[in-house]
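Participant: below are the sequence and a predicted model for it; my questions follow.
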Amino acid sequence: MEELYRSAESILRYVVEFSTLLLEFFGICILVYTAIKSFILWLRKNESIRLELAQGIALALEFKLGGEVLRTVVVREWAELGILGAIIALRAALTFLIHWEIKNERQALEPKDSKNAQAPDSANTDVSCQ
């Protein structure tokens, strides 16, 4: 019975470690993709660069945070749990701040988008009046 317990624990540890690595890899891929995409937007002088970058960073952090939460399943010592808790708290705080930045950036872009949407309509009405 004890051997079965050890086998199950070993399998669980392997699955958790592999899943954690996979989630962190996804987060890294998303972050690299977002950085390249944002750099291209920066070269094109696109105004939504900050919003795109913040959304990509937030998504990457969510994957990294998921990996850290999954890692807590196989923690054996209190010191290790404390370190993981601090990492989770830091990443959660960063995610919260980035979501706050996204909200503010969307609000800042809305007036510009509504002005751009109204400008062609007013140009069309001027032409039709003449």
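Facilitator: Here it is on my side, so go on. Note that this is a predicted model, so its numbers are computed, not measured. Numbering: from 1, shown residues only.

Participant: do I have it right that Ala54 meets Glu101?
Facilitator: Yes: here Ala54 reaches Glu101: they are 5.1 Å apart, a contact under Cβ atoms under 8 Å. (Glycine included, C-beta is placed from N, CA and C.)

Participant: what about these two, which has more around it?
Facilitator: Ala54 (22 against 17; other Cβ atoms under 10 Å).

Participant: tell me the secondary structure at the more buried one.
Facilitator: For Ala54, the assignment made with DSSP: H, G, I helix; E, B strand; the rest coil gives helix.

Participant: that one: what's it in contact with?
Facilitator: Ile98, Glu101, Ile102, Glu105 (Cβ atoms under 8 Å, 6 or more residues apart in numbering).

Participant: can you flag which of the residues you listed belong to helices?
Facilitator: Judged by DSSP state H, these include Ile98, Glu101, Ile102, Glu105 as members of helices.

Participant: what subset of those is buried?
Facilitator: In the ones in helices among the contacts of Ala54, burial by neighbour count holds for Ile98, Glu101, Ile102, Glu105, counting by 16 or more other Cβ atoms under 10 Å.

Participant: quick check: the first one vs Ala79, distance?
Facilitator: As for Ile98, its distance to Ala79 is 29 Å (criterion: Cβ to Cβ, to the nearest Å).

Participant: likewise the third one?
Facilitator: In this structure, Ile102 and Ala79 are separated by 35 Å, where distance is defined by Cβ to Cβ.

Participant: could you do Arg13 as well?
Facilitator: Separation of Arg13 from Ala79 (Cβ to Cβ) stands at 18 Å.

Participant: so these two - more neighbours on which side?
Facilitator: Arg13 (13 against 9).

Participant: does that one touch Val74 like I think?
Facilitator: Yes: at 5.1 Å, Arg13 and Val74 qualify as touching, with contact defined as Cβ under 8 Å.

Participant: ok, which stretches of the chain are helices?
Facilitator: Using DSSP H, helices in the chain cover 2-43, 49-71, 78-129.

Participant: mean pLDDT added to those, as a markdown table?
Facilitator: A markdown table is the format used below for the helices of the chain (pLDDT from 0 to 100):
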| stretch | mean pLDDT |
| --- | --- |
| helix 2-43 | 94 |
| helix 49-71 | 92 |
| helix 78-129 | 77 |
